[in-house]
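Student: sharing a model that was predicted from the sequence below.
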Amino acid sequence: MPPQTIPLELFGRPFLLAEAKSAGLTAQVLRGRRFRRLFCTAYVVASAPDSLATKVDALRLLLPPDALLSHETAALLRGLPIPPPDRLHVTVPPGVRGPRLAGVCTHRGSPAASTREGRRLTAPADNFLELAETLSLVDLVILGDAMVGMDLLTCAELVDAVARTSRRRGVRMARRAAALVRPRVDSPMETRLRLLIVFAGLPEPTTNFTVRDGDGGWIGVVDLAYDAIRIAIEYHGDVHRGTPGKWRSDIAKAELLYRLGWRVIILTADDIYLRPAQTLRRVCEALVDAHHPGVPADLDPAWRQHFGRDDQLTRTGQQRAVS
């Protein structure tokens with residue numbers, strides 16, 4: 001006996017068991033290899049992508065009307081950089097019964113809502129506050145930088161939103177992180193590099209500074225800059241090495257900066273994760289050589305709370321760098 005034909009209206013989206021039965025499919029057919037069950041009574045055809053969007057759309061079929069996709073789930077649907085979660089998150093209004101499903105965490109609250117691609121999500125500022133409950137300070141600033149970079153809100157709007165919030169878990173973390181969020185940040189690693197410098201007590205560099213020549217001609221944009229003393233700090237990720245055009249462009253930009261009297265410090269992921277103390281020493285030495293007035297005699301050890309320990313920069317080394 002030939003297999004039962006799958007109705008066209010069930011392709012391309014999740015559906016509930018009741019809809020499948022109305023279309024003539026039996027429970028036995030749905031248990032076959034041509035289908036995949038995502039939640040209790042929510043299915044998709046087996047060829048559907050195993051993606052966040054597919055899982056979320058299946059979950060939405062089981063949610064009450066006022067529910068919002070929230071926390072890590074809302075952030076991921078916006079394309080924001082956060083550590084990978086192990087569950088989907090939804091928020092329902094107080095007094096509303098949420099779903100009890102494996103792999104789903106249900107919260108209760110009344111955050112502001114926004115819509116993205118037809119899905120109801122927690123609004124950006126509330127999403128930031130939600131994640132302040134679980135993210136580290138560095139990851140929360142990375143999130144805020146990305147939100148501002150995607151024009152979801154401005155730095156001022158974020159600071160104002162968390163300032164108006166009280167008696168909420170994570171609000172102190174949110175306020176601290178919001179104060180550190182900056183515009184014009186292109187990647188999480190740029191945020192990490194800036195925070196390493198700031199947490200060590202060094203002067204804060206300008207993010208994504210546009211360099212021009214004496215005639216106002218465009219030279220390029222540097223990731224971090226102490227523009228008054230012509231120090232550029234560039235982060236080079238794998239894309240810089242793996243893309244010939246980008247690599248050549250980076251070399252040409254560095255040469256132009258050197259000609260204009262800039263000192264260029266080029267850093268990689270290892271300089272942040274494995275050699276943070278050496279990286280701070282390099283920045284310190286550059287600032288001291290340029291006679292920057294804001295270099296401390298000793299680095300603030302607070303940076304170690306966020307970037308680990310590195311014995312290559314001792315107290316003597318710090319003093320030598322600024323002496």
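Tutor: The structure has been received and is ready for your questions. Numbering: from 1, shown residues only.
Student: in the stretch 101-250 of the chain, where is pLDDT below threshold?
Tutor: 239-245 (pLDDT under 70).
Student: so where do the strands sit in it?
Tutor: 104-108, 113-116, 119-122, 206-212, 218-226, 231-235 (DSSP state E, counting those that start in this stretch).
Student: of all those, which one comes closest to residue 154?
Tutor: Among the strands of the stretch 101-250 of the chain, the nearest to residue 154 by C-beta to C-beta is strand 206-212 (14.3 Å). In short, each C-beta sits where N, CA and C put it, glycine included.
Student: got the angle for that closest one vs strand 231-235?
Tutor: 120 degrees (axes from the mean of the first three to the mean of the last three C-alpha atoms, to 10 degrees).
Student: sheet partners, orientation included, of strand 206-212?
Tutor: strand 218-226 (antiparallel) (DSSP bridges).
Student: surely residue 94 meets residue 108?
Tutor: Yes: under the criterion of C-beta atoms under 8 Å, residue 94 makes contact with residue 108 at 5.3 Å.
Student: higher neighbour count, the two?
Tutor: residue 108 (12 against 7; other C-beta atoms under 10 Å).
Student: measure residue 159 to residue 51 for me?
Tutor: 34 Å (C-beta to C-beta, to the nearest Å).
Student: for residue 294, same thing?
Tutor: Residue 294 is 47 Å from residue 51, by C-beta to C-beta.
Student: and what of residue 171?
Tutor: Residue 171 is 33 Å from residue 51, by C-beta to C-beta.
Student: one more: residue 128?
Tutor: The separation that residue 128 has from residue 51, given C-beta to C-beta, amounts to 24 Å.
Student: tell me how many other residues crowd the closest residue to residue 305 other than its chain neighbours.
Tutor: Distance criterion C-beta to C-beta, 6 or more residues apart in numbering; nearest residue to residue 305, sequence neighbours excluded, is residue 199 at 7.7 Å. Using other C-beta under 10 Å, residue 199 has 22 other residues around it.
Student: do the same with residue 288
Tutor: Residue 288 has 14 nearby residues by other C-beta under 10 Å.
Student: what about residue 272, which SS state?
Tutor: helix (DSSP: H, G, I helix; E, B strand; the rest coil).
Student: not counting its neighbours along the chain, what's nearest it?
Tutor: Here the residue nearest residue 272, using C-beta to C-beta, 6+ apart, is residue 192, at 5.5 Å.
Student: didn't the one you found look like it was pressed against residue 138?
Tutor: Yes: in this structure residue 192 lies within contact range of residue 138 using C-beta under 8 Å: 6.3 Å.
Student: re the thing from before, more neighbours: which of residue 159 and residue 51?
Tutor: With neighbours defined as other C-beta under 10 Å, residue 159 and residue 51 compare such that residue 159 has more, 18 against 9.
Student: please name the nearest non-neighbouring residue to that one.
Tutor: residue 178 (4.8 Å).
Student: run a quick neighbour tally on that neighbour.
Tutor: If we define neighbours as other C-beta under 10 Å, then residue 178 has 24 of them.
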